[in-house]
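1. here are the coordinates; sequence isn't available:
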């Protein structure tokens, strides 16, 4: 904003001293913000790329095709190649050399692998850092490098293939959930149980609940476990808010009673009988539960088909009964 604009803005002499001070303060803050933005813009424009290699070190993707014809053929069918075409890049290093680095020394050395960046020789962290130079925005570079995958040396190329991918959308090497099952074998067994979420049938995917690129929550969930926003995406009727809340739902979440992947009990419960599940908290031995254990002949736990939810039907929360009775 031009400086003369502020010079023409004169305070009204009829204003109080406090009003004139406020006006002067606004003008001063505006000047500081304008001057800072101009200085930042000029500095940002003048800052050179210190790590950029000379243009003469790049040979172009057409040169790479002469030896890697099969890889180039598959690469041209990927989203990476389509992005390059859409940007209409003219620089030679926007193709293969955008990931593998300048190739002149590699070509002059007769295909010497040590003179080019080969992802096969990089660790998971090193290869991921190169990918995150472009994909840092959507995958949050800081979170991925702190994720369980990165800690286990699982990098981007462990799941994605920039040259030839099974799934076009994300360049995955395998379709979910088979891709995740390659490492998470114990989870695969859970989805083979009698009662489970229909992941194997393709109704939902692992990525619907977990963020493979990292996060700030346990097990890389897309939302915090205690609030169970992941579960509420499908089970909206359980979300509430309710007038009368069930304490474990708010303190421990859905996993306090249910097994999220699969269970041998109906409704993905941790135990076969509902009574046994409720009595884990509702006993005299637990003084931190603000309720009394079931008493009287109506709560004969020896009955085979007795279930707490026969009366306490709205166990996830209720708007009309503090003990979650039917209306």
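-> That came through fine. What you see is a predicted model, and the numbers here were worked out from it, not measured in a lab.
2. need the contact list for residue 160.
-> 131, 170, 171, 172, 173 (CB atoms under 8 Å, 6 or more residues apart in numbering). To be clear about C-beta, it is placed using only N, CA and C from the backbone, and glycine gets the same treatment.
3. what count of nearby residues applies to the residue nearest to residue 169 when sequence neighbours are not counted?
-> Computed as CB to CB, 6 or more residues apart in numbering, the closest residue to residue 169 that is not its neighbour in sequence is residue 79, at 7.9 Å. Residues near residue 79, counting by other CB atoms under 10 Å, number 13.
4. okay, and for the stretch 51-200 of the chain, where does confidence drop off?
-> Applying pLDDT under 70 to the stretch 51-200 of the chain flags the ranges 51-54, 83-94, 137-142, 165-168.
5. where along it do the helices fall?
-> Assigned by DSSP state H, counting those that start in this stretch, the helices in the stretch 51-200 of the chain fall at 61-65, 69-75, 79-87, 97-100, 104-108, 124-139, 141-145, 148-151, 178-181, 185-190.
6. ok, back up a step: just the contacts of residue 160 now: which is nearest residue 231?
-> Residue 231 lies nearest to residue 170 out of the contacts of residue 160, by CB to CB, at 24.1 Å.
7. just the buried members of the contacts of residue 160?
-> 131, 171, 172, 173 (16 or more other CB atoms under 10 Å).
8. any chance of those residues in TSV, with distance to residue 266 too?
-> Output for those, formatted as TSV (distance: CB to CB, whole Å):
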residue	distance to residue 266
131	43
171	39
172	34
173	36
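9. pLDDT wise, what is residue 5 at?
-> Residue 5 is assigned a pLDDT of 46 by the prediction.
10. the domain parsing of the chain - what is it?
-> 60-89+97-117, 124-220, 238-318 (automatic domain parsing).
11. residue 179 touches residue 158, doesn't it?
-> No - the criterion here is CB atoms under 8 Å, and residue 179 misses it with residue 158 at 9.5 Å.
12. between those two, which one's more packed in?
-> Neighbours per residue, other CB under 10 Å: of residue 179 and residue 158, the larger number sits with residue 179, 21 against 17.
13. look up phi and psi at residue 221.
-> phi -70, psi 150 (degrees, to the nearest 10).
14. what of residue 263?
-> phi -150, psi 160.
15. quick check: it touching residue 269?
-> Yes - Residue 263 lies in contact with residue 269 (CB under 8 Å); the separation is 6.2 Å.
16. what is the nearest of the contacts of residue 160 to residue 237?
-> residue 170 (31.6 Å).
17. for that closest one, which non-adjacent residue is spatially closest?
-> residue 160 (6.7 Å).
18. what ranges do the strands span in the chain?
-> 195-196, 244-245, 262-263, 317-318 (DSSP state E).
19. will you turn those into a markdown table that also has mean neighbour count?
-> Shown next, in a markdown table, are the strands of the chain (neighbours: other CB atoms under 10 Å):
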| stretch | mean neighbour count |
| --- | --- |
| strand 195-196 | 16 |
| strand 244-245 | 15 |
| strand 262-263 | 19 |
| strand 317-318 | 20 |
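20. can you put the ones you listed in a markdown table and add distance to residue 98?
-> As requested, the strands of the chain are exported to a markdown table (distance: least, CB to CB, whole Å):
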| stretch | distance to residue 98 |
| --- | --- |
| strand 195-196 | 42 |
| strand 244-245 | 53 |
| strand 262-263 | 43 |
| strand 317-318 | 53 |
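21. closest to residue 147 out of these?
-> Nearest to residue 147, of the strands of the chain and by CB to CB, is strand 262-263 at 24.2 Å.
22. output the contacting helices and strands for the closest one.
-> Using 3 or more CB pairs under 8 Å, 6 or more residues apart in numbering; DSSP states H and E, the elements in contact with strand 262-263 are strand 195-196.
23. please repeat the previous calculation with a cut-off of 10 Å.
-> helix 185-190, strand 195-196 (3 or more CB pairs under 10 Å, 6 or more residues apart in numbering; DSSP states H and E).
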